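> Sequence and predicted structure are below.
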Amino acid sequence: MTALGSPGQQLGLGMWLRESATFDNFVPGSNDVLLQALRQACDDHQGFIFFWGPDGEGKSHLLQAACNRVGEGSVFLPLGEPGLVPEMLDGLEQMRLVAIDNLAAVAGDRTWETALFNLYNRIRDQGRGVLIVAAEQPLASVGLTLPDLQSRLAWGLVFQLRVLSDEQKISALQQRARGRGIELNEDVATYLLRHCRRDMAGLFELLDRLDQASLAEQRRLTIPFVKLCLEKDAKHN
């Protein structure tokens, strides 16, 4: 069983490559250079990119967006998920894109680190293919114990994923809402930002729940309705 996938195809281990994850619906904020580098690598079918940033701020979205852009011949591997083993990397140099999430999950595991090191070398030696790796920390802080792997990852392009400002997060929430066909005015978006989880993954998850609640009760997303929903959530948790 592998974690291979193209848009809409179910991944191994019960995971999915989300069709909704695209570069176009990612609000870049101060990450324009990173976004352009990812697009270019996908279009050229060549390159090595490592980027890092806080959990919940879009790393998985960007990795899956890269897979969706390349389509057939891409693979998304969220390290740390149950069932993933180093042997899954064997032969992946034949893919056009390998997108690896959560590098720190295997840091310190010599078998995994060696497998990643060997995959990097195989892709480099054949002169084609894209390897994109993401982590929550910069390379020096991930906890890798194989110096050669750390140096290889540093040979390519390295970026820090910058957290969106409050204004950019509000814009991202409103863009997500428009994509779902709902109206989210700035006052409600600001309320969510001030009273809920501030990472984008948490905010998007909350917006999805609010959308379902508004459809069920046939009510618009107003601050009183949002307050009511949050109170109900609090009682159930």
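All right, it came through fine. None of the values given here were measured: they were computed from a predicted structure.

> so which strand or helix has the residue nearest to the spatial centre of the chain?
In the chain, the C-alpha closest to the average C-alpha coordinate belongs to residue 60, at a distance of 1.1 Å (C-alpha atoms, centre = their mean). Residue 60 is part of helix 59-70 when elements are defined by DSSP states H and E.

> how does the chain divide up, domain by domain?
Here the domain parsing of the chain from automatic domain parsing is 12-160, 166-236.

> Would you tell me which one of these is buried the most?
The highest mean neighbour count among the domains of the chain, using mean count of other C-beta atoms under 10 Å, belongs to domain 12-160: a mean of 18. All C-beta atoms are positioned from the backbone trio N, CA, C, and that covers glycine.

> now that one: mean pLDDT?
pLDDT averaged over domain 12-160 equals 93, rounded to a whole number.

> quick one: stretch 22-39 to chain centroid distance?
The gap between where stretch 22-39 is centred and where its chain is centred comes out at 12 Å by C-alpha atoms, centre = their mean, to the nearest Å.

> contacts for that stretch?
Judged by C-beta atoms under 8 Å, 6 or more residues apart in numbering, the contacts made with stretch 22-39 from elsewhere in the structure are 47, 49, 51, 58, 61-62, 65-66, 68-69, 132, 157, 159, 161-165, 168, 171-172, 175-176, 179.

> The residue nearest to the centre of the chain is in contact with residue 78, isn't it?
Yes: between residue 60 and residue 78 there is a contact under C-beta atoms under 8 Å: 7.0 Å.

> Name the residues contacting each of those two.
Between them, residue 60 and residue 78 share the contacting residues residue 101, judged by C-beta under 8 Å, 6+ apart.

> Which stretches in the chain count as helices?
Per DSSP state H, the chain carries helices over the ranges 32-44, 59-70, 110-126, 139-142, 147-155, 166-179, 186-195, 200-217, 223-236.

> Save the ones you listed as TSV, and put in distance to residue 99 too.
Output for these, formatted as TSV (distance: least, C-beta to C-beta, whole Å):
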stretch	distance to residue 99
helix 32-44	10
helix 59-70	4
helix 110-126	12
helix 139-142	17
helix 147-155	14
helix 166-179	21
helix 186-195	29
helix 200-217	17
helix 223-236	33
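
> who wins for proximity to residue 97 among the ones you listed?
Minimum separation from residue 97 across the helices of the chain (C-beta to C-beta) falls at helix 59-70, 4.4 Å.

> Show me what that closest one is packed against.
If contacts are counted by 3 or more C-beta pairs under 8 Å, 6 or more residues apart in numbering; DSSP states H and E, helix 59-70 sits against helix 32-44, strand 46-52, strand 74-78, strand 97-101, strand 129-135.

> Distance to residue 85 for those - can I get that in TSV?
Below are those laid out as TSV (distance: least, C-beta to C-beta, whole Å):
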stretch	distance to residue 85
helix 32-44	27
strand 46-52	22
strand 74-78	11
strand 97-101	14
strand 129-135	18
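
> Select, out of these, the one closest to residue 21.
Taking C-beta to C-beta as the criterion, strand 74-78 is the member of the helices and strands packed on helix 59-70 that comes nearest to residue 21, at 9.6 Å.

> Next, the angle helix 59-70 makes with that closest one.
For strand 74-78 and helix 59-70, the angle between their directions (axes from the mean of the first three to the mean of the last three C-alpha atoms, to 10 degrees) works out to 170 degrees.

> Show residues contacting stretch 227-237.
Under the contact criterion C-beta under 8 Å, 6+ apart, stretch 227-237 has outside partners 195-196, 209-210, 213.

> Kindly apply the preceding question to stretch 135-146 instead.
Contacts of stretch 135-146 with the rest of the structure, by C-beta under 8 Å, 6+ apart, involve 50, 52-55, 59, 102-104, 107-108, 110, 113-114, 117, 150, 153-154, 158, 160.
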